[in-house]
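A.B. asks: sequence first, then the predicted structure:
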Amino acid sequence: MKSYSVARRGQESVLIEAENWLVALGKVVDRLGGAEPIERLACEVLPNGTAIAREAETGVSYVIQPVLAQNPVEASGASGEVVEEEFAVGDGDADRLDEILQSEGLIEACELAMNLAQERVGAESASVILLVEDKLKFVAVAGPHSESLIHVEMPLGTGVAGYSAERGRPVVLGDAAADERHFDGVDRLTGQNTREMACVPVTDGEQVFGVLELLNLPDQRRFSRDNIQQMQVVAETLARRLASE
């Protein structure tokens, strides 16, 4: 048996023990009650096991997420340790993830993904950096002085974004200035002082589209495993959307 967090539009997530995500969804539907039997589902299953399901008749969306799915995360710095927490999909995430999948254009999809990740984690700044013609390009940005970054390009392999994209794994820095992978040219351009950083690759199978990056948390918080898993769900949803281009 596995543990799953199941979130339905407009309601808090529910923790369920089940053999697989479909059984977990069925248990939640039975528990909530008051609904007609589901006859047809449109489903997206992400590489980390997260499933996004929408009822064909009603349009109600669900996110079914394995609890504490183990994904390798590189962490460094005095406060760079990834804190263990129980992962739970946020209320309303199902609809917002579906918005990413249904978005009309690449830029809109990237902005929707970036905004969702930034809000859920509470980071000061956020960006989506894509691989475009053998370069890393900022295509969506948010935060102090972020407008100076839009459309900025960097050579492949630059900074933590390049490191994460090349290796296809999340990277967390607790003290960015002390890590040799950090590229301070971005700080010089924006005038921002990067303290903490989390970078998650946007991948669909073996294809790497780029990275989702968050900077600086309030109140000396550290990035938790919950934060990274939230980012991964968003990044993998974005990857599915980009793969359809």
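C.D. replies: Noted; the coordinates are in hand.

A.B. asks: give me the buried positions along stretch 202-216.
C.D. replies: Neighbour-count burial for stretch 202-216 flags 202, 203, 204, 208, 209, 210, 211, 212, 213, 214, 215, 216 (criterion: 16 or more other Cβ atoms under 10 Å). Yep, even glycine has a C-beta here, placed from its N, CA and C like the rest.

A.B. asks: over to stretch 103-122?
C.D. replies: For stretch 103-122, using 16+ other Cβ under 10 Å, the buried residues are 103, 106, 109-118, 120-121.

A.B. asks: again, but for stretch 40-47
C.D. replies: Within stretch 40-47, the residues that qualify as buried are 44, 46, counting by 16+ other Cβ under 10 Å.

A.B. asks: list the contacts of that stretch.
C.D. replies: Residues outside stretch 40-47 that contact it (Cβ atoms under 8 Å, 6 or more residues apart in numbering) are 21, 51-57, 101, 203-205, 233, 236-237, 240.

A.B. asks: that older thread, okay, the buried residues of stretch 202-216 in CSV with pLDDT and secondary structure next?
C.D. replies: Listed next are the buried residues of stretch 202-216 as CSV, based on pLDDT from 0 to 100; DSSP: H, G, I helix; E, B strand; the rest coil:
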residue, pLDDT, secondary structure
202, 96, strand
203, 93, strand
204, 87, strand
208, 92, strand
209, 96, strand
210, 96, strand
211, 96, strand
212, 98, strand
213, 96, strand
214, 96, strand
215, 94, strand
216, 92, coil
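
A.B. asks: farthest pair within the residues you listed?
C.D. replies: Spatial extent of the buried residues of stretch 202-216 (Cβ to Cβ) is set by the pair 204 and 216 at 28.3 Å.

A.B. asks: now the two most distant members of the contacts of stretch 40-47.
C.D. replies: Largest separation among the contacts of stretch 40-47 by Cβ to Cβ: 57 and 203, giving 32.8 Å.

A.B. asks: show me the strands in the chain, by range?
C.D. replies: Using DSSP state E, the strands found in the chain span residues 2-8, 14-18, 41-45, 51-55, 61-66, 74-76, 125-132, 135-142, 153-155, 171-173, 197-204, 207-215.

A.B. asks: which helices and strands sit right next to the fourth one?
C.D. replies: Applying 3 or more Cβ pairs under 8 Å, 6 or more residues apart in numbering; DSSP states H and E, we find strand 51-55 packed against helix 21-32, strand 41-45, strand 61-66, helix 93-102.

A.B. asks: give me the distance from that strand to the chain's centre.
C.D. replies: Relative to the chain's own centre, strand 51-55 is displaced by 17 Å; criterion: Cα atoms, centre = their mean, to the nearest Å.

A.B. asks: could you give the mean pLDDT of it?
C.D. replies: Throughout strand 51-55, pLDDT has a mean value of 80.

A.B. asks: same question for the second one.
C.D. replies: Confidence over strand 14-18, taken as the mean pLDDT, stands at 80.

A.B. asks: mind listing what's buried in it?
C.D. replies: For strand 14-18, the neighbour count (16+ other Cβ under 10 Å) marks 14, 16, 18 as buried.

A.B. asks: and it, how far out from the chain middle?
C.D. replies: 22 Å.

A.B. asks: can you pull the buried residues of the helix of greatest length in the chain?
C.D. replies: The helix that spans the most residues within the chain, counting by DSSP state H, is helix 225-243. Neighbour counts over helix 225-243 (16+ other Cβ under 10 Å) mark 225-242 as buried.

A.B. asks: how many residues are close by residue 20?
C.D. replies: Neighbour count for residue 20, taken as other Cβ atoms under 10 Å: 14.
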